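Trainee: Sharing a model prediction with you, sequence too.
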Amino acid sequence: MNDRPIGIDALNVYGGLARIAVRELFAGRGLDPERFDNVGMAARSVALPFEDPVTNAVNAAAPLLAGLSAEDRDSIGFLITATESGLDYSKSVASYVHAHLGLSPACRLLEAKQACFAATAALRLAAGYVAAEPGAKALVIATDVALADARASYAEPATGTGAVALLVAEEPRVLALDPGATGAHSFEVQDTARPTPDHDIADVDRSLLAYLECLVGAYGDYRARVPEADVTGTFDLLVFHTPFSGMVRAAHRRLMREFASPDGPSAGLPDRRWIDEDFARRVAPSLRYPDIVGNLFSGSLYLALAGAIDTLRPRGELRAGLFSYGSGCSSEFFSGVVRDTAAGTLAAVDIAGRLESRADLSFAEYEELLPHSTSCLVPVADRDIDPYAWKELLDRVPGRDRLLALTSVKDHHRHYEWLAEGTTAR
C-alpha cells in the first residue's frame, strides 16, 4: 500500500484570451447596479469563436507538461476531463485532449460529469489510481465553455469560461490531500441544468439554498469522520466553490454560525465582526482569480485555490479546508496541506500575468462574439472556423503563448491547429 502523500503536484489556469468588465456588462444589459456588489466581480472571461472545451483543456495543461521529462510525461497513466460542456454523447473530450497533448498511448481516458463537482470526483479517482500505482501520475482537467447570455439575467456577468489543469502525483508540491479527511452530501434538485447544447437554465435562489445545505451536510460528515476538527482552529485557509463572491460570503457565514466554537479564536468578538475578520483572513485571498475570471464550473474551486496561493505566497505549510459543490446536486468538504513549495510551483506558470494580458472587450464586441462562441457545442456535421478572422482581438494579447485553436468540423470530427506564439501571421 502506498503511504506517501498524494495530491496536486502542479496547477495551471487557462482563462481565455478575452474578458469583459462586469460593470460594462451590467450597463449593456440594463441590470440593476444595486445588485453589482453581490456579484462582487471585476471581469469575466469570454470565449473566442475558435475556443471550445478541448482547446481550453489543452491550453491549461500544456504549460504543466512542457517542463516534464519524457519519462515523467509517460508516467501519466490516467487523463480525466471534467466538464458539463461535452461534445459527444459517447466520445470523451479527453480523447481529443490526449492526442493534442501528445500523451503516451498507455494512458486511460475518461470524461466525468456532475455539474461543478466533477473535477473533485476526478481528483479523488486520480489520487486512488496514483496510490495503487506507485510512481504513476494522473492529469485532471476541468474544462468548460460559458453559454450564458441575456436569458441568464444576473448569472451572465458571473459566468466565466476556461479550464484548470491539475497534475496528480506522489509527494505533491502544491496540495497534499489529508487521507480519509473528507465528508460528502448529495441529493436531487433542479437548481441548474443544460437541457440543450446551447442553453443553460438556473434557479439562483434554489441553487444558493442547495449550496448552503450541502455545505452544512458535507462539513457535518467531515467532522463525524475527523472528530478533532474545529472549523475555527484546524484550517489556516478556507477555499469554496466560487460561482460569485456573494455566495462564498454567505457560505462562510453559515459555516461559522453552524460550527464555530465559542471558545475558539473567535471568542470575545461580536458575531458579525469576528465572522467578517475571519472571512478577510482565511477566505478573501481565494477570491482573487474568480473575481476576474468568473465561475469556471468544476474548475472554480481550483481557480480559487490558485488565487489563494498566488495572493498569500505562503513560505510555510498551511492546512486548507475545501468545499466543492455541483448542482443537481453533489458536494464534498475535504482538507489538505498547501505545501511550502506551492507558491514557487504556481509562479512558474504565471497565472496572474496571463490573465492580465487578456484582451478587453466592449459590450458591442462581446455581443458580436456571443452567437459564435455559444454555438461551439451544437453538433454539426461540417463547419469551418478561421481563427485569423479575429486577428484584431488576438493582436491585443501581448506575449501570447502558443495555443491550440478549433479550425473545422468534418463529418462530426473536430480538427485543431496550433497558433504560433504572439503572432497572427499565417
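Mentor: Everything's here; your move.

Trainee: After the lowest-mean-pLDDT helix or strand in the chain, heading C-terminal, what element do we hit next?
Mentor: Lowest by mean pLDDT, DSSP states H and E among the helices and strands of the chain is strand 199-202, with a mean of 80. For strand 199-202, the following helix or strand on the C-terminal side (DSSP states H and E) is helix 204-225.

Trainee: And for that next one, what's in contact with it?
Mentor: Outside helix 204-225, the residues within contact range by CB atoms under 8 Å, 6 or more residues apart in numbering are 154-155, 180-187, 189-192, 229, 231, 240-241, 243, 247, 250-251, 254-255, 258-259, 323, 325, 327, 329-335. All C-beta atoms are positioned from the backbone trio N, CA, C, and that covers glycine.

Trainee: same thing with stretch 393-401?
Mentor: Residues from elsewhere that reach stretch 393-401 (CB under 8 Å, 6+ apart): 17-18, 48, 59, 63, 354, 357-361, 365, 387-388, 419, 421-422, 424.

Trainee: quick one: the helices in the stretch 151-300 of the chain?
Mentor: 204-225, 245-259, 271-278, 290-293, 300-312 (DSSP state H, counting those that start in this stretch).

Trainee: Write the PyMOL selection for whichever of the contacts of helix 204-225 are buried.
Mentor: The buried residues among these can be selected in PyMOL (16 or more other CB atoms under 10 Å) with this line:
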select buried, resi 154+155+181+182+183+184+185+186+189+191+192+229+231+240+241+243+247+251+254+255+259+323+325+327+329+330+331+332+333+334+335
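
Trainee: Can you flag which of the contacts of helix 204-225 belong to strands?
Mentor: Here DSSP state E is the test, and the contacts of helix 204-225 give 180-186, 192, 240, 323, 325, 330-335 as lying in strands.

Trainee: what about the helices of the stretch 151-300 of the chain, which gets the closest to residue 409?
Mentor: Closest of these to residue 409 is helix 290-293, at 27.3 Å (criterion: CB to CB).

Trainee: Local confidence estimate at residue 423?
Mentor: Residue 423 is assigned 57 on the pLDDT scale.

Trainee: go on, residue 264?
Mentor: In this model, residue 264 carries a pLDDT of 53.

Trainee: And the one 3 residues further on, by the same measure?
Mentor: With respect to pLDDT, residue 267 scores 53.

Trainee: same question, residue 64
Mentor: For residue 64, the pLDDT comes out at 97.

Trainee: Now do the SS call for it.
Mentor: Following DSSP: H, G, I helix; E, B strand; the rest coil, we place residue 64 in the helix state.

Trainee: Measure how buried it is and give me the count.
Mentor: 21 (other CB atoms under 10 Å).

Trainee: who touches it in this structure?
Mentor: Residue 64 sits next to 10, 11, 12, 139, 165, 167, 349 when contact means CB under 8 Å, 6+ apart.

Trainee: I'd say the third one and residue 352 touch.
Mentor: No. Because the distance of 12.0 Å does not satisfy CB atoms under 8 Å, residue 12 is recorded as not touching residue 352.

Trainee: Compare the two and say which one has the larger neighbour count.
Mentor: residue 12 (26 against 18).

Trainee: In terms of helices and strands, where is that one?
Mentor: Using DSSP H and E, residue 12 maps to strand 6-14.

Trainee: What angle do helix 300-312 and that strand make with each other?
Mentor: Calculated by axes from the mean of the first three to the mean of the last three CA atoms, to 10 degrees, strand 6-14 forms an angle of 90 degrees with helix 300-312.

Trainee: just checking, what packs against strand 6-14?
Mentor: Packing partners of strand 6-14 (3 or more CB pairs under 8 Å, 6 or more residues apart in numbering; DSSP states H and E): helix 53-66, helix 118-132, strand 162-170, strand 175-186, helix 300-312, helix 342-347, helix 351-356.

Trainee: out of the ones you listed, deepest packed?
Mentor: strand 162-170 (a mean of 29; mean count of other CB atoms under 10 Å).

Trainee: partners of it in the sheet?
Mentor: strand 6-14 (antiparallel), strand 137-144 (antiparallel) (DSSP bridges).

Trainee: Let me know the angle separating it from strand 175-186.
Mentor: Counting by the same axes, to 10 degrees, strand 162-170 points 120 degrees away from the direction of strand 175-186.

Trainee: Would you mind writing the CA trace of strand 162-170 as PDB?
Mentor: Written as PDB, here are the backbone C-alpha positions of strand 162-170 (Å, rounded to 0.1, in the frame of the first residue of the first chain):
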ATOM      1  CA  GLY A 162     -11.700  28.300 -19.500                       C
ATOM      2  CA  ALA A 163     -10.000  25.400 -17.800                       C
ATOM      3  CA  VAL A 164      -7.900  24.400 -14.800                       C
ATOM      4  CA  ALA A 165      -5.400  21.500 -15.100                       C
ATOM      5  CA  LEU A 166      -4.200  19.500 -12.100                       C
ATOM      6  CA  LEU A 167      -1.300  17.100 -12.200                       C
ATOM      7  CA  VAL A 168      -1.800  14.500  -9.500                       C
ATOM      8  CA  ALA A 169       1.200  12.700  -8.100                       C
ATOM      9  CA  GLU A 170       3.100  11.400  -5.100                       C
END
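
Trainee: count of residues packed around residue 249?
Mentor: 19.

Trainee: Same check on the one 3 residues further on?
Mentor: A total of 22 residues lie near residue 252 under the criterion other CB under 10 Å.

Trainee: My guess is it contacts residue 278. True?
Mentor: Yes. Proximity of residue 252 to residue 278 meets the contact threshold set by CB under 8 Å, at 7.4 Å.

Trainee: who's in contact with the residue nearest the centre of the chain?
Mentor: By CA atoms, centre = their mean, the chain has its centre lying nearest to residue 299, at 1.6 Å. By CB under 8 Å, 6+ apart, the contact set of residue 299 is 13, 82, 119, 142, 143, 144, 162, 163, 164.

Trainee: next one: residue 151
Mentor: Residue 151 touches residue 199, counting by CB under 8 Å, 6+ apart.

Trainee: pLDDT value on the residue lying closest to residue 120 once chain neighbours are set aside, please?
Mentor: Nearest non-adjacent residue to residue 120, counting by CB to CB, 6 or more residues apart in numbering: residue 324, 3.8 Å away. pLDDT recorded at residue 324 is 98.
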